[in-house]
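[1] Next come a sequence and a model predicted from it.
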Amino acid sequence: MFERSIVRPILMIAAVVLSMTNGVHAQQSYAVIAQNGVAMKTRDGVTLYSDIYRPRADGKFPVILMRTPYDKGASWAVTPAYQIATHGYVVVVQDVRGRYTSEGEWYPFRRESDDGYDAVEWVAALPSSDGRVGMMGGSYVGATQMLAAIAHPPHLAGICPVVTASNYHDGWTYQGGALEQWFDQNWTTQLATNTIWRLIAKDTNALLGASTLPLTQYPAFNYASLPAGADATAQLAPYYLDWLAHPNYDAYWKQWSIEEHFSDIRVPALHIGGWYDIFLSGTLRNYMGIKAHGASDAARNGQHLLVQIGGHAGFGRHVGDVEFGDEAVRFPSTDVLIDWYDYLFKGVQNEFATDRPARVFVMGANAYHQESDWPPPEAQSTRYFLHSGGSANSLRGDGGLSLTPPRKETPDKFTYDPANAVPTVGGSLCCDAAHYEPGPRDQRTIENRNDVLVYSTKPLAEDMEVTGSVTLELWAKSSAVDTDFTAKLVDVSPDGFAMNLTDGILRLRYRDSQEKPELLNPDQVYKISVDLWATSNVFRRGHIIRLEVSSSNFPRFDRNLNTGADQATSRQFVSATNTILHDAEHPSALLVPVIPARAATPR
């Protein structure tokens, strides 16, 4: 009971991509037979266990496989498995290696390609299988799909990865070179609970200090604190130590990076993401990467994209502080999954039989738009230049954004003190909303800090849609040898509500390469680019486009200590004076993709 209560937030993330069901499918409905605990041997002799749900009928059916670290027997997995099976599919839910009922050692990503290949070929040979296999699931369960797909098992015919990454360094463990501290620590802590129980089941004395671990707090273990903590971490989550030991994008990460293997993927895919999802960038990169580099025409021409609102930040009409209306729940995810495989495996001419493969929810308009591609080809990259008289600090400052290039202007400065970091308020968080609430939240408390630079447009004279990738180009310098710059795009209503749309971070040692970091020369000016990922939003007439610039967003990201030392082990830090230049020679600008007015209606 204790173990399952701890992992409930993660299970709900995996469940939500399968359990929102109220659509109607006009086809035969089958009674379902369930077989629990069916064994499968991997190529190296490890036994993995699956539950199988199949129609109570003669004949053979396509198979939908889900491989999960979150307990195949939990209600979040069982309920949708039954429902999908009633629509004429064999559904197989398997505990991955080292998790719950399956044997072996749990280490994220390491064995998922081989085990995924073996599982696909095993389910393809089941007596009730017609030989066509699709996969499903979200978050890490999306990773098991992608990692199986790059191994190209012969019977894999389609995938549906939901809210998952394309690169397990940048976009899972790190972002822009900064450690995704909140996610990395609470996800690892939650997964460690099952590891504890497995160790205790083997030997009650096997786990050093297990009874003292505070598993309701994050992190539950700190490898750098006490010897007992280090030993416990090594037993419960050795991969966490490895993540900290590999801050650069090196061979450790490249061995299972999907982005390194787009050209190995041969199957169609439906990618489902969310604007406030922690893995949004991965969803978009997977769609674009396979479409551009896939190993077959079926892969290159068979990519589809659906971007909803929250992802890991929540599903439904209401996400964060914002009500998005009935349209937000137009596409229940299990129904979408069934439609996807009805299209692929049964030839049903539904919403996927189209030459406009990308469907995105446009906030502000609160409606879905069907796009011919992602990013929308008609989007026009538009530069909003930063302006001020040298006092853009906080809402009380004089920071502005406009289409007019700067001339001679005074730079903006602020002090970044790691001991007084800018706190995280909303955004793309996972997976513990009880401690830090995700999604769109009012940012005014952040904007009242002097270590946050605030640049705003005048109220807009007409609606303006921004759909696509967002980038901040800065001319900047620091008194330190390393520091971070953060950026946040905000939609400000006439009543002052400041709704965060998307954000990003760059650790400046990685300004040129995440493979080969290079420290700064203090007070030297550098041109840098901060990736704010992407969004889709109509800024309504009278609203303000706002940009926040600072150097921390904690605990979503770890605090840069400004010393250039190893972030994982160093305890020393210094304050940094960070400067943004915006003049004719240094035209710092926010780049947003504007959809022309003629195309801003639902499409």
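    Noted; the coordinates are in hand. Residues are numbered from 1 along each chain as shown.
[2] Export the lengthiest helix in the chain to CSV, keeping only CA atoms.
    For the chain, the helix with the greatest residue count under DSSP state H is helix 181-202. C-alpha atoms of helix 181-202 as CSV (Å, rounded to 0.1, in the frame of the first residue of the first chain):
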residue,chain,number,x,y,z
GLN,A,181,16.4,18.9,-10.8
TRP,A,182,12.8,18.8,-9.8
PHE,A,183,11.9,16.1,-12.3
ASP,A,184,15.1,14.1,-12.0
GLN,A,185,14.9,13.9,-8.2
ASN,A,186,11.2,13.2,-7.6
TRP,A,187,10.9,10.8,-10.5
THR,A,188,13.9,8.8,-9.3
THR,A,189,12.6,8.9,-5.8
GLN,A,190,9.3,7.5,-6.8
LEU,A,191,10.8,4.8,-8.9
ALA,A,192,13.1,3.8,-6.0
THR,A,193,10.2,2.6,-3.9
ASN,A,194,9.7,-0.5,-6.0
THR,A,195,13.4,-1.1,-5.9
ILE,A,196,13.3,-1.0,-2.1
TRP,A,197,10.6,-3.6,-1.9
ARG,A,198,12.3,-5.9,-4.4
LEU,A,199,15.6,-5.7,-2.3
ILE,A,200,13.7,-6.3,0.9
ALA,A,201,12.0,-9.3,-0.6
LYS,A,202,15.4,-10.8,-1.4
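[3] roughly how far out does that helix sit from the chain middle?
    Centroid separation for helix 181-202 versus its chain: 20 Å, with CA atoms, centre = their mean, to the nearest Å.
[4] What's the mean pLDDT across that helix?
    If you average the pLDDT over helix 181-202, you get 88.
[5] That one - contacts with which helices or strands?
    helix 2-19, helix 227-236, helix 238-245 (3 or more CB pairs under 8 Å, 6 or more residues apart in numbering; DSSP states H and E). Placement of C-beta: from N, CA and C, glycine included.
[6] For the shortest one, list the C-alpha coordinates in CSV.
    Only the C-alpha atoms of helix 238-245 are listed here, as CSV (Å, rounded to 0.1, in the frame of the first residue of the first chain):
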residue,chain,number,x,y,z
PRO,A,238,22.8,4.1,-9.6
TYR,A,239,21.6,5.7,-12.8
TYR,A,240,21.0,9.0,-10.9
LEU,A,241,24.6,9.1,-10.0
ASP,A,242,25.5,8.4,-13.6
TRP,A,243,23.3,11.2,-14.8
LEU,A,244,25.2,13.6,-12.5
ALA,A,245,28.5,12.2,-13.6
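[7] got the buried residues for the helix or strand following it?
    Downstream of helix 238-245, the first helix or strand assigned by DSSP states H and E is helix 251-254. Neighbour counts over helix 251-254 (16 or more other CB atoms under 10 Å) mark residue 253 as buried.
[8] counting contacts, what elements does the helix or strand that comes right after helix 251-254 pack onto?
    Under the assignment DSSP H and E, the closest C-terminal helix or strand after helix 251-254 is strand 269-274. Judged by 3+ CB pairs under 8 Å, 6+ apart, strand 269-274 is in contact with strand 161-162, helix 280-293, strand 303-308, helix 333-346.
[9] Put together JSON lines for those, with mean neighbour count and distance to residue 148 on each row.
    Rendered in JSON lines, the data for the helices and strands packed on strand 269-274 read as follows (neighbours: other CB atoms under 10 Å; distance: least, CB to CB, whole Å):
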{"stretch": "strand 161-162", "mean neighbour count": "30", "distance to residue 148": "10"}
{"stretch": "helix 280-293", "mean neighbour count": "23", "distance to residue 148": "14"}
{"stretch": "strand 303-308", "mean neighbour count": "25", "distance to residue 148": "17"}
{"stretch": "helix 333-346", "mean neighbour count": "22", "distance to residue 148": "16"}
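[10] Of those, which is nearest residue 449?
    helix 280-293 (26.0 Å; CB to CB).
[11] helices and strands around the closest one, which ones?
    strand 269-274, helix 297-300, strand 303-308, strand 526-539.
[12] okay, the ones you listed in a markdown table with mean pLDDT and distance to residue 321 next?
    Listed next are the helices and strands packed on helix 280-293 as a markdown table, based on pLDDT from 0 to 100; distance: least, CB to CB, whole Å:
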| stretch | mean pLDDT | distance to residue 321 |
| --- | --- | --- |
| strand 269-274 | 98 | 16 |
| helix 297-300 | 96 | 39 |
| strand 303-308 | 98 | 17 |
| strand 526-539 | 98 | 15 |
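[13] most packed of those?
    Among the helices and strands packed on helix 280-293, ranked by average contacts under mean count of other CB atoms under 10 Å, first place goes to strand 269-274 (a mean of 27).
[14] Residues touching it, excluding its own?
    Outside of strand 269-274, the residues within contact range by CB atoms under 8 Å, 6 or more residues apart in numbering are 17, 138, 149, 158-163, 279-280, 282-284, 286-287, 290, 299, 302-313, 315, 333, 336-337, 340, 352.
[15] Where do the domain boundaries of the protein fall?
    According to automatic domain parsing, the chain comprises the domains 9-171+253-371, 178-246, 380-595.
[16] can you tell me which of these the model trusts least?
    Across the domains of the chain, the lowest-scoring stretch is domain 178-246, with a mean of 71.
[17] what's the first-to-last distance across it?
    12 Å (CA to CA, to the nearest Å).
[18] could you pull out the strands for the stretch 451-600 of the chain?
    Along the stretch 451-600 of the chain, the stretches classed as strands by DSSP state E, counting those that start in this stretch are 453-456, 464-478, 484-492, 498-507, 526-539, 544-550, 576-581, 589-595.
[19] Could you check how far the shortest one is from the centre of its chain?
    From the chain centre to the centre of strand 453-456 is a distance of 27 Å (CA atoms, centre = their mean).
[20] distance of residue 175 from residue 472?
    14 Å (CB to CB, to the nearest Å).
[21] Equivalent analysis for residue 305, please.
    Per CB to CB, residue 305 is found 24 Å from residue 472.
[22] same deal with residue 151?
    38 Å.
[23] Quick check: residue 290 touching residue 266?
    No - with contact defined as CB atoms under 8 Å, residue 290 does not reach residue 266; the gap is 9.4 Å.
[24] what residues are shared contacts of these two?
    By CB under 8 Å, 6+ apart, the residues touching both residue 290 and residue 266 are residue 299.
[25] With residue 566 as the reference, name the closest of the strands of the stretch 451-600 of the chain.
    Of all the strands of the stretch 451-600 of the chain, strand 498-507 sits nearest to residue 566, with 12.8 Å by CB to CB.
[26] Residue 120: what's it in contact with?
    With contacts defined as CB under 8 Å, 6+ apart, the neighbours of residue 120 are 65, 133, 135, 148, 153, 155, 156.
[27] In a strand, it, correct?
    No - secondary structure of residue 120 (DSSP: H, G, I helix; E, B strand; the rest coil): helix, not part of a strand.
[28] start to end distance for stretch 510-528?
    10 Å.
[29] go on, stretch 495-515?
    By CA to CA, the extent of stretch 495-515 from end to end equals 45 Å.
[30] Can you show me the strands along the stretch 1-150 of the chain?
    With DSSP E, counting those that start in this stretch as the criterion, the stretch 1-150 of the chain has strands spanning 32-41, 47-55, 61-68, 90-95, 129-135, 137-138.
[31] Tell me which of those strands sits most buried.
    Ranked by mean neighbour count under mean count of other CB under 10 Å, these are led by strand 137-138, which reaches a mean of 30.
[32] Mind listing the strands that one pairs with, and their directions?
    Using DSSP bridges, the strands paired with strand 137-138 in its sheet are strand 161-162 (parallel).
[33] which residues are contacting the partner strand?
    By CB under 8 Å, 6+ apart, strand 161-162 touches 17, 135-139, 141-143, 145-146, 269, 271-273, 283, 286, 333.
[34] how far away is the closest residue to residue 515 other than its chain neighbours from residue 144?
    Nearest residue to residue 515, sequence neighbours excluded (CB to CB, 6 or more residues apart in numbering): residue 249, at 5.0 Å. Distance, residue 249 to residue 144, using CB to CB: 22 Å.
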